[in-house]
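>>> missing the sequence, but the structure's below:
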């Protein structure tokens, strides 16, 4: 299955791009996705191993199972206000 | 009615107060967060706010609705700015209207603290010497969608229910007082 992963703020600067399309095995979890993204090497390996991840605009645990077409975002610690 | 807006346009704080208060309102609390000219002893010349806009809009609406549900208030409105801001510009504006000031202040405090805890927004701080940094933030946990637990230190003003209900000069409403 395929889905897009968005990077914001400091994470976007770390990896150098705002978005990447990933291909995952069916039944993959957020944890699997994080491992796979970091394994792309180079800049992606700079991401933390347990970033906060939102799926379809809701923060989920890393055990969350992903579905094709999910909108996934890696979110650095927030600083609004 | 709850209002929650994420915008790249300058915040017009006066518009918040444009709508007439409800007849039952006795208090309107306005909070405005602005960009200041220093951070940790260093001069700052501006700030860029970046957000995950669709999620930020949903989270801000949830926060505002929670504030209305958890406190004895009428309408709660919150605006959050994104983009390049100069010193003195408003980054966030909150209006709470309700029958009494205690609840209005608490609801206002709830909204700003939850914004800082949960809103997917980031600040890129530009220092006067030309350097810049991402302002250190709060990690989003898997419980980020849940409201703060009662008694959380950042909301200690809410107090336990026993304290809230205790009559006392500090919390007694003066007739006609806001």
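Sure, I can see it. Since this is a predicted model, take the numbers as computed values, not measurements.
>>> what ranges do the strands span in chain A?
For chain A, applying DSSP state E gives strands covering A:2-7, A:19-23, A:52-55, A:58-60, A:71-75.
>>> In JSON lines, list these along with distance to residue A:30.
(C-beta placed from N, C-alpha, C; glycine too.) Below are those laid out as JSON lines (distance: least, Cβ to Cβ, whole Å):
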{"stretch": "strand A:2-7", "distance to residue A:30": "10"}
{"stretch": "strand A:19-23", "distance to residue A:30": "12"}
{"stretch": "strand A:52-55", "distance to residue A:30": "5"}
{"stretch": "strand A:58-60", "distance to residue A:30": "6"}
{"stretch": "strand A:71-75", "distance to residue A:30": "8"}
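>>> what would those look like in CSV with mean pLDDT?
As requested, those are exported to CSV (pLDDT from 0 to 100):
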stretch, mean pLDDT
strand A:2-7, 97
strand A:19-23, 97
strand A:52-55, 98
strand A:58-60, 97
strand A:71-75, 98
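>>> Figure out how far the lengthiest helix in chain A is from the centre of its chain.
The single longest helix within chain A, with elements called by DSSP state H, is helix A:30-38. Chain-centre distance of helix A:30-38: 7 Å, with Cα atoms, centre = their mean, to the nearest Å.
>>> try stretch B:34-47
Worked out by Cα atoms, centre = their mean, stretch B:34-47 lies 20 Å from the chain centre.
>>> Residue A:43: neighbour count?
Neighbours of residue A:43 under the rule other Cβ atoms under 10 Å in any protein chain shown: 12.
>>> per-residue confidence at it?
For residue A:43, the model assigns a pLDDT of 93.
>>> what does residue B:164 give?
pLDDT, read off for residue B:164, is 37.
>>> Check the gap between the residue nearest the centre of chain A and residue B:100 for me.
Central residue of chain A (Cα atoms, centre = their mean): residue A:74, 4.3 Å from the mean position. Separation of residue A:74 from residue B:100 (Cβ to Cβ, to the nearest Å): 43 Å.
>>> show me where chain B has helices.
Under DSSP H, chain B gives helices at B:13-16, B:53-70, B:101-118, B:161-165.
>>> the strands in chain B, which residues?
Under DSSP E, chain B gives strands at B:3-7, B:27-34, B:38-39, B:42-51, B:76-81, B:83-86, B:90-98, B:121-127, B:132-134.
>>> For chain B, which residues are neighbours of chain A?
Selection of chain B residues close to chain A by Cβ under 8 Å from any Cβ of the partner chain yields B:33, B:49-52, B:54-56, B:58, B:80, B:91-92, B:112, B:115-124, B:134-142, B:144-145.
>>> Got a quick ChimeraX command for the buried subset of the residues you listed?
Command for ChimeraX that selects the buried part of the residues of chain B next to chain A, burial taken from 16 or more other Cβ atoms under 10 Å in any protein chain shown:
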select /B:33,49,50,51,52,55,56,58,80,91,92,112,115,116,117,118,119,120,121,122,123,124,134,135,137,138,140,144
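>>> The nearest residue in space to residue A:65 that is not next to it in sequence - how many residues pack around it?
Nearest residue to residue A:65, sequence neighbours excluded (Cβ to Cβ, 6 or more residues apart in numbering or on different chains): residue A:29, at 5.5 Å. Other residues within reach of residue A:29, judged by other Cβ under 10 Å, total 16.
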